[in-house]
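Student: Take this sequence and fold it.
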Amino acid sequence: MKLIKFLVIIVLFMFLLGCGSSSGPKQGIQNFKQGYGSLDVRFLDNSPPEKIYQGSKFKMIVELDNQAAYDLEGGQIKIMGVDEKFFLMSSPLTNDFSVLMGKSLVSPSGEKIFVEFDATALNELFENAERFQNPFFVKVSFDSVFEFTDTVCINPNLYEVYDSGCKVQPKKSYSGQGAPVAVTELESVIYPSSAGTETEFRILVKNRGSGKANLVVLEGGKLGNQELKDCHFQNSVKDSQGKKVLFYKKKQEDLLICKLFLRDQVSYETTLSLDFSYNYEISKKHQLNMYK
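Tutor: Just a heads-up that it's a prediction; the model follows:
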């Protein structure tokens, strides 16, 4: 009798084990909106060729691979610095693209396109010269957006860092939102006053990509369901109501400050969300080598 009970237990255990394993591991949804994904720009191998001979025709093929988590729009690719005395460009030096899709569930690898430029090497080498080296650049510019969202703890009580609601983190760091321009730091400051309790968010927006950010715009922001109306960049563009800032070559970051009077007097967790747009450009250096 004991043997029968033991066998029944073993069979039930095997059955339950089989049922548990049949469902398989749960598949997580990939989060593309993290890191500093950007546009990869490169010339295809042998386009242009390493050696170009006088009188020969050749192609320059540029690969544009969007590794950001957002679409790129209003794009332009331009060849700059080709010496027209030695090379004749038979196609326009500037090409446009309207949209280049970013990484998503629909397109997990992002969109990739190839742009071709046709050229001819002229017979213009000096009598004693064996080759001519012509450094040049390909410059790509585009517009795009990125979103920042995080759960923050709001505590109106300056002297209670922690109560029964949530624990305050005065300063937080981030590793990107899937674009070259990103929110990298967030600092929360509380100001109690006779008019009420005010919270201030100090948000560091920084370019972490290999290119150059130009105009960065705060399109909107919310704390929970409250709109953040009082926001401004420290070095904002004049007459932009503080919502626009120009990044310069030597300063690719700025501090965004948002203020809001709190409705509640107890600590609580809520969502801070910010929407940005920006203009960006990437330059890649290459070289044409012409031989006799």
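
Student: could you pull out the helices for the protein?
Tutor: 2-22 (DSSP state H).

Student: care to break it down by domain?
Tutor: 39-143+281-291, 146-278 (automatic domain parsing).

Student: would you turn those into TSV with mean pLDDT?
Tutor: Formatted as TSV, the domains of the chain follow (pLDDT from 0 to 100):
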stretch	mean pLDDT
domain 39-143+281-291	94
domain 146-278	90
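
Student: Now tabulate these in CSV and tack on distance to residue 32 and mean neighbour count.
Tutor: For glycine as for every other residue, the C-beta is placed from the backbone atoms N, C-alpha and C. Formatted as CSV, these follow (distance: least, C-beta to C-beta, whole Å; neighbours: other C-beta atoms under 10 Å):
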stretch, distance to residue 32, mean neighbour count
domain 39-143+281-291, 4, 16
domain 146-278, 5, 16
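
Student: could you dump the ones you listed to a markdown table with distance to residue 33?
Tutor: Putting the domains of the chain into a markdown table (distance: least, C-beta to C-beta, whole Å) gives the following:
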| stretch | distance to residue 33 |
| --- | --- |
| domain 39-143+281-291 | 5 |
| domain 146-278 | 4 |
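
Student: what's the closest of those domains to residue 30?
Tutor: Comparison of these against residue 30 by C-beta to C-beta identifies domain 39-143+281-291 as nearest, at 7.0 Å.

Student: how long is the closest one from one end to the other?
Tutor: 33 Å (C-alpha to C-alpha, to the nearest Å).

Student: Quick check: closest non-adjacent residue to residue 49.
Tutor: residue 58 (5.7 Å; C-beta to C-beta, 6 or more residues apart in numbering).

Student: should've said residue 141
Tutor: residue 281 (4.2 Å).

Student: now swap in residue 123 and tell me
Tutor: residue 54 (4.8 Å).

Student: Tell me what residue 152 is bridged to.
Tutor: residue 270 (DSSP bridges).

Student: my read: the residue nearest to residue 49 touches residue 116, true?
Tutor: No. Look at residue 58 against residue 116 with C-beta atoms under 8 Å: they stay out of range, at 10.8 Å.

Student: could you list every residue that touches residue 83?
Tutor: 132, 134 (C-beta atoms under 8 Å, 6 or more residues apart in numbering).

Student: Tell me the bridge partners for residue 282.
Tutor: residue 140.

Student: quick one, what contacts it?
Tutor: Counting by C-beta under 8 Å, 6+ apart, residue 282 has contacts 38, 39, 41, 139, 140, 141, 209, 210, 211, 212.

Student: Any chance of those residues in JSON lines with distance to residue 247 as columns?
Tutor: Listed next are the contacts of residue 282 as JSON lines, based on distance: C-beta to C-beta, whole Å:
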{"residue": "38", "distance to residue 247": "15"}
{"residue": "39", "distance to residue 247": "17"}
{"residue": "41", "distance to residue 247": "19"}
{"residue": "139", "distance to residue 247": "17"}
{"residue": "140", "distance to residue 247": "17"}
{"residue": "141", "distance to residue 247": "14"}
{"residue": "209", "distance to residue 247": "11"}
{"residue": "210", "distance to residue 247": "14"}
{"residue": "211", "distance to residue 247": "11"}
{"residue": "212", "distance to residue 247": "7"}
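
Student: quick one on the thing from earlier: so what's the residue nearest to residue 49 up against?
Tutor: Counted by C-beta under 8 Å, 6+ apart, residue 58 has contacts 47, 48, 49, 52, 118, 119, 120, 121.

Student: and of the residues you listed, the nearest to residue 199?
Tutor: Of these, the one sitting nearest to residue 199 (C-beta to C-beta) turns out to be residue 47, at 54.6 Å.

Student: Excluding chain neighbours, what is closest to the closest one?
Tutor: Counting by C-beta to C-beta, 6+ apart, the residue nearest residue 47 is residue 61, at 3.9 Å.

Student: That neighbour and residue 210: what is the separation?
Tutor: According to C-beta to C-beta, to the nearest Å, residue 61 and residue 210 sit 21 Å apart.

Student: now do residue 166
Tutor: Applying C-beta to C-beta to residue 166 and residue 210 gives a distance of 38 Å.
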